[in-house]
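Peer 1: Requesting a structural model of the entry that follows:
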Amino acid sequence: MKTLKILLSALACILLAACGVSETAVTAVAVGKGQAQQAEQARQQMDQVKQQLDAASQQAEAQRQAVESATQ
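Peer 2: All right, here's what the predicted structure looks like:
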């Protein structure tokens, strides 16, 4: 009878520990997904800034060419 109590107690401890491990894994997955979303948003912002810089560069080149044409 005493052995059964010890075994049941040990089983209860193992099950409770397993719950904690799975909760930790779920939390890690959630954090990982959040970080992946942040990385994707940062990449999209970088792409937008690059496009804006390219547009500004093209506009500056067009203005330079217009000034050169006007002075000739």
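Peer 1: For the helix or strand where D54 lies, give the mean pLDDT please.
Peer 2: Element membership for D54 (DSSP states H and E) is helix 2-71. The average of the pLDDT scores along helix 2-71 is 84.
Peer 1: And that helix, what does it pack against?
Peer 2: Using 3 or more C-beta pairs under 8 Å, 6 or more residues apart in numbering; DSSP states H and E as the contact definition, helix 2-71 packs against no other helix or strand. Every C-beta, even on glycine, is put in place using the N, C-alpha and C of the backbone.
Peer 1: Distance from the chain centre to that helix, please.
Peer 2: Relative to its parent chain, helix 2-71 has a centroid offset of 0 Å by C-alpha atoms, centre = their mean, to the nearest Å.
Peer 1: just stretch 65-72 next, same as before
Peer 2: Taking C-alpha atoms, centre = their mean, one finds the center of stretch 65-72 at 48 Å from the center of the full chain.
Peer 1: Which positions within that stretch qualify as buried?
Peer 2: Of the residues in stretch 65-72, none is buried under the neighbour-count criterion (16 or more other C-beta atoms under 10 Å).
Peer 1: what does it contact?
Peer 2: Stretch 65-72 has contacts (C-beta atoms under 8 Å, 6 or more residues apart in numbering) with no other residue.
Peer 1: Check stretch 39-56 too.
Peer 2: Taking C-beta under 8 Å, 6+ apart as the criterion, no residue outside stretch 39-56 touches it.
Peer 1: buried ones in that stretch?
Peer 2: Within stretch 39-56, no residue qualifies as buried by neighbour count (16+ other C-beta under 10 Å).
Peer 1: Send over that stretch as CSV, restricted to the C-alpha atoms.
Peer 2: Output for stretch 39-56, consisting of C-alpha atoms alone and laid out as CSV, is shown next (Å, rounded to 0.1, in the frame of the first residue of the first chain):
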residue,chain,number,x,y,z
ALA,A,39,10.9,40.4,-38.8
GLU,A,40,8.5,40.3,-41.7
GLN,A,41,7.2,43.8,-40.9
ALA,A,42,10.7,45.1,-40.6
ARG,A,43,11.6,43.6,-44.0
GLN,A,44,8.5,45.2,-45.6
GLN,A,45,9.5,48.6,-44.1
MET,A,46,13.0,48.2,-45.5
ASP,A,47,11.5,47.4,-48.9
GLN,A,48,9.3,50.5,-48.8
VAL,A,49,12.2,52.8,-47.8
LYS,A,50,14.4,51.3,-50.6
GLN,A,51,11.6,52.1,-53.1
GLN,A,52,11.3,55.6,-51.8
LEU,A,53,15.1,56.1,-52.0
ASP,A,54,15.1,54.7,-55.6
ALA,A,55,12.3,57.1,-56.6
ALA,A,56,14.1,60.1,-55.0
